[in-house]
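A.B. asks: A predicted structure for the sequence below; I have some questions about it.
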Amino acid sequence: MRLSAYFLPTLKETPAEAQIVSHRLMLRSGMIRQTSAGIYAWLPLGLRVLRNIERIVREEQDAAGALDMLMPTIQPAELWRQSGRYDDYGKEMLRIRDRHDREMLYGPTNEEMITDIFRTYIKSYRELPRNLYHIQWKFRDEIRPRFGVMRGREFLMKDAYSFDLDAVGARRSYQKMFLAYLRTFARMGLRAIPMRADAGPIGGDLSHEFIILADTGESGVFCHSAWADTDMLADAPGYDDDLQPFFDRLTDIYAATDEKHDPTACGVLPDELIKARGIEVGHIFYFGTKYSKPLGATVAGPGGDQVPVEMGSYGIGVSRLVGAIIEASHDDAGIIWPDSVAPFKVGLINLKSGDEACDQSCDDLYADLRTAGVEVLYDDRSERAGVKFADMDLIGLPWQLVVGPRGLKTGVVELKRRATGERQEVSRDSALARLTES
RNA sequence: CGGGGCGUAGCGCAGCCUGGUAGCGCGCCAGUUUUGGGUACUGGAGGCCCCCGGUUCGAAUCCGGGCGCCCCGACCA
């Protein structure tokens, strides 16, 4: 993408409302624009990151056997009356009336709707287990939205729902998602610790939150210091293996959110216990028949009797992850995107646009990189050189490729790794090779 | 919802107390400069001063009401 034809409204100054670094950097790098309290427009650069995160989430859900679908944002109130949550959910639910005065709502979650779909079609235990998920915008009318996309009212969430005949199967489905979540967050360069958690209004008795430790996090958490150097995915099993030993190994290392933390019973020595704050990027629940019973989601069991299905639900805050990744990966100059979610892989900087040889060399490099399938943001603007570097550092692409007239004379270009700041002069061809290989 | 703060150019702010024709920095546009890591200079455009009402000869400024946004607490991906 040529920057001269792109839409990248970067800011030198920080908007006053931004309190935390990820919010500041998202505004300054032109990723988002607030349109109401807790509601954001995603500008082109921000959307690319959001889509990359979505892609990783989708790939890992698919790998774990979950099935991608899409449910609407607007739901009928009737379904929520059946589950009893229409009144329970309170003011956080945005209620709407259509032209026929029918009561509708903007979905804050989809247990009711997925259960309705399930009960319509799945009639036999032979069709179990099933796990269905979607990635869709949710709306929760938070009392106090804050921290940019970290706590928006409108947010993009991946929510999966598992259906099993019995508790044994349901726990296995739970463990699959547990593993899938660890893989998902690891691919984004995040260390997300699974912590025993309160199930909250979704209900249920088995629940884990996936927490990224960060001072700006909104959750208070307690965990064993061993988490700092535990390789969670070491010897990870495949999805068809027995997941119980893996699950036990990790859940035996103490970690709990503050509402679940019991200082006397946690069994961790005081000097090994870390008290910290964290960002919740995922939350998984096993809640049994809480929705299947009231909504009549039953299947015929092996003996022919009707059995309410055992369910779990599994959420990932996709839009929140954008902020969480920035919280975990930035420096004074700006964002440092992990390669896997970066909006572009490399920023190509023409140090002297207007210089014929320099323009030509950059145009050629741009064409070659694109041909090789490398996503490149080409800063071909005629502005002063320094601004380009500042913007490039701010938006945090993994690589910067700098071409100037001086280097052209000696046949070298400069390749800079954003994460380390390391700069090296290399030949044009080896730069291409480096950027193409990984 | 309780407590606090703010609303003036795209962004960051001053002006308000003590009413008198709206300013600064950044950004933007034009020109000069030709810059090797946020260049300098010159000129310029851009404002229902959040909205409605009141007081006044006159309101960004004072008064009343409303709306919006932010921060601190209880909820959540």
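C.D. replies: Thanks, I have it.
A.B. asks: for chain A, longest strand please?
C.D. replies: If you go by DSSP state E, chain A has its longest strand at strand A:273-288.
A.B. asks: given the helix or strand harbouring residue A:416, what are its sheet partners and their directions?
C.D. replies: Assigning secondary structure by DSSP states H and E places residue A:416 in strand A:412-417. When pairing is defined by DSSP bridges, strand A:412-417 lines up against strand A:399-403 (antiparallel), strand A:423-427 (antiparallel).
A.B. asks: pick the most deeply packed of those strands.
C.D. replies: Across the strands paired with strand A:412-417, the average number of neighbours (mean count of other C-beta atoms under 10 Å) peaks for strand A:399-403, which reaches a mean of 24. Where C-beta positions appear, they are placed from N, C-alpha and C, glycine not excepted.
A.B. asks: for the next helix or strand after that strand, which outside residues touch it?
C.D. replies: Remark: after strand A:399-403, the chain's next helix or strand is helix A:405-410, criterion DSSP H and E. Helix A:405-410 is contacted by residues A:351, A:352, A:355, A:357, A:358, A:361, A:413, A:414, A:425 when judged by C-beta atoms under 8 Å, 6 or more residues apart in numbering.
A.B. asks: what segments of the stretch 201-350 of chain A are helices?
C.D. replies: For the stretch 201-350 of chain A, the helices defined by DSSP state H, counting those that start in this stretch occupy A:244-251, A:292-295, A:318-328.
A.B. asks: to residue A:17, which of the ones you listed lies closest?
C.D. replies: Residue A:17 lies closest to helix A:318-328 among the helices of the stretch 201-350 of chain A, at 14.4 Å (C-beta to C-beta).
A.B. asks: in stretch A:13-29, what counts as buried?
C.D. replies: By 16 or more other C-beta atoms under 10 Å, the buried positions in stretch A:13-29 come out as A:18, A:20, A:21, A:22, A:23, A:24, A:25, A:26, A:27, A:28, A:29.
A.B. asks: can you tell me what sits against the least confident helix or strand in chain A by mean pLDDT?
C.D. replies: The helix or strand of chain A with the poorest confidence is helix A:85-88; it has a mean of 85 (mean pLDDT, DSSP states H and E). Helix A:85-88 is contacted by residues A:77, A:80, A:93, A:105, A:112, A:201 when judged by C-beta under 8 Å, 6+ apart.
A.B. asks: could you do stretch A:216-228 as well?
C.D. replies: Contacts of stretch A:216-228 (C-beta under 8 Å, 6+ apart): A:20-22, A:147, A:150-151, A:193, A:195, A:209, A:211, A:213, A:253-258, A:261, A:266, A:268, A:272-280, A:327.
A.B. asks: are any of these buried, and if so which?
C.D. replies: With burial judged by 16+ other C-beta under 10 Å, the buried subset of the contacts of stretch A:216-228 is A:20-22, A:147, A:150-151, A:193, A:195, A:209, A:211, A:213, A:253-257, A:261, A:266, A:268, A:273-274, A:276, A:278-280, A:327.
A.B. asks: ok, and which of these reach RNA strand B?
C.D. replies: A:147, A:150, A:151, A:209, A:280 (C-beta under 7 Å from any atom of the strand).
A.B. asks: check contacts around the residue of the stretch 251-400 of chain A found nearest RNA strand B.
C.D. replies: Of all residues in the stretch 251-400 of chain A, residue A:386 sits closest to RNA strand B, with a separation of 1.9 Å (C-beta to the nearest atom of the strand). Shown in contact with residue A:386 (C-beta under 8 Å, 6+ apart): no residues.
A.B. asks: if we can go back for a sec, buried ones in the least confident helix or strand of chain A?
C.D. replies: Neighbour-count burial for helix A:85-88 [16+ other C-beta under 10 Å]: A:85, A:86.
A.B. asks: does any part of the helix or strand following that helix sit near RNA strand B?
C.D. replies: Heading C-terminal from helix A:85-88, the first helix or strand you meet, by DSSP H and E, is strand A:94-97. No. On the criterion C-beta under 7 Å from any atom of the strand, strand A:94-97 is out of touch with RNA strand B, staying 13.1 Å away.
A.B. asks: between the contacts of helix A:85-88, which sits nearest residue A:172?
C.D. replies: Using C-beta to C-beta, the contacts of helix A:85-88 come closest to residue A:172 at residue A:112, 24.3 Å.
A.B. asks: doesn't the closest one belong to a helix?
C.D. replies: Yes. Applying DSSP: H, G, I helix; E, B strand; the rest coil, one finds residue A:112 inside a helix.
A.B. asks: and for it, the neighbour number?
C.D. replies: Using other C-beta atoms under 10 Å, residue A:112 has 23 neighbouring residues.
A.B. asks: spatially nearest residue to it (excluding sequence neighbours)?
C.D. replies: Using C-beta to C-beta, 6 or more residues apart in numbering and skipping residues adjacent in sequence, the residue nearest residue A:112 is residue A:79, 4.3 Å away.
A.B. asks: what about that neighbour, which SS state?
C.D. replies: helix.
A.B. asks: test my guess that it contacts residue A:119.
C.D. replies: No. The pair residue A:79 / residue A:119 is not scored as a contact, 11.0 Å apart, by C-beta atoms under 8 Å.
A.B. asks: quick one: common contacting residues for these two?
C.D. replies: Common contacts of residue A:79 and residue A:119, defined by C-beta under 8 Å, 6+ apart, comprise residue A:295.
A.B. asks: before we move on, the earlier item: and the buried residues of stretch A:13-29, which is closest to residue A:421?
C.D. replies: Closest to residue A:421, out of all of the buried residues of stretch A:13-29 and judged by C-beta to C-beta, is residue A:25, at 17.2 Å.
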